[in-house]
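**Student:** Need coordinates for the following:
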Amino acid sequence: MLILGLVLIVVAAVLIVLGLFTTGNGDLDDPTATLLGLPVGSTTIFVIGLIAGVLLLFGLSLTKWGGKLQAKAMKEKRQMRKLAKSLQDVTPDSKDDDN
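**Tutor:** Residues are numbered from 1 along each chain as shown. Sure thing, here's the model as predicted:
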């Protein structure tokens with residue numbers, strides 16, 4: 001989840017940068033802009049910004065959630081190692097000799 005969140009954040013950042021570098025034609029009668037050489041309207045630019053914002057928020061939440069899960073797993077692994085080491089250090093005082 002952590003990696004997926006980071007990927008979504010990068011995609012959102014790319015969309016935001018693309019939105020920032022749109023160029024308008026300066027014509028008030030035909031308010032189209034160009035995005036990577038393609039003519040796009042104001043509604044398309046708005047939708048791209050909306051998608052970028054949603055991806056950014058979702059990516060941040062996935063990153064936070066994945067980080068918490070990873071920290072929890074590492075804590076459990078650390079506790080298991082400590083428990084395994086303590087079990088190895090314990091030696092029985094008496095042995096059962098039923099021979």
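
**Student:** Can you pull the poorly scored residue ranges out of the chain?
**Tutor:** By pLDDT under 70, the low-scoring segments of the chain are 25-30, 91-99.

**Student:** starting at the chain centroid, how far to the longest helix seen in it?
**Tutor:** The single longest helix within the chain, with elements called by DSSP state H, is helix 42-89. Chain-centre distance of helix 42-89: 7 Å, with C-alpha atoms, centre = their mean, to the nearest Å.

**Student:** helices or strands up against that helix?
**Tutor:** Applying 3 or more C-beta pairs under 8 Å, 6 or more residues apart in numbering; DSSP states H and E, we find helix 42-89 packed against helix 2-20, strand 33-35. Using the backbone N, CA and C atoms, a C-beta is placed for each residue, glycine as well.

**Student:** looking at these, which is closest to V47?
**Tutor:** helix 2-20 (10.2 Å; C-beta to C-beta).

**Student:** what angle separates the closest one from helix 42-89?
**Tutor:** 160 degrees (axes from the mean of the first three to the mean of the last three C-alpha atoms, to 10 degrees).

**Student:** Which strands and helices lie in contact with the following helix or strand past helix 2-20?
**Tutor:** Remark: after helix 2-20, the chain's next helix or strand is strand 23-24, criterion DSSP states H and E. If contacts are counted by 3+ C-beta pairs under 8 Å, 6+ apart, strand 23-24 sits against strand 33-35.

**Student:** Contacts for the strand it packs on, please.
**Tutor:** The contact list for strand 33-35 (C-beta atoms under 8 Å, 6 or more residues apart in numbering) reads 18-19, 21-25, 39-42, 44-45, 48.

**Student:** List buried residues within those.
**Tutor:** Neighbour counting by 16 or more other C-beta atoms under 10 Å classes G19, T22, V40, T44, I45, I48 among the contacts of strand 33-35 as buried.
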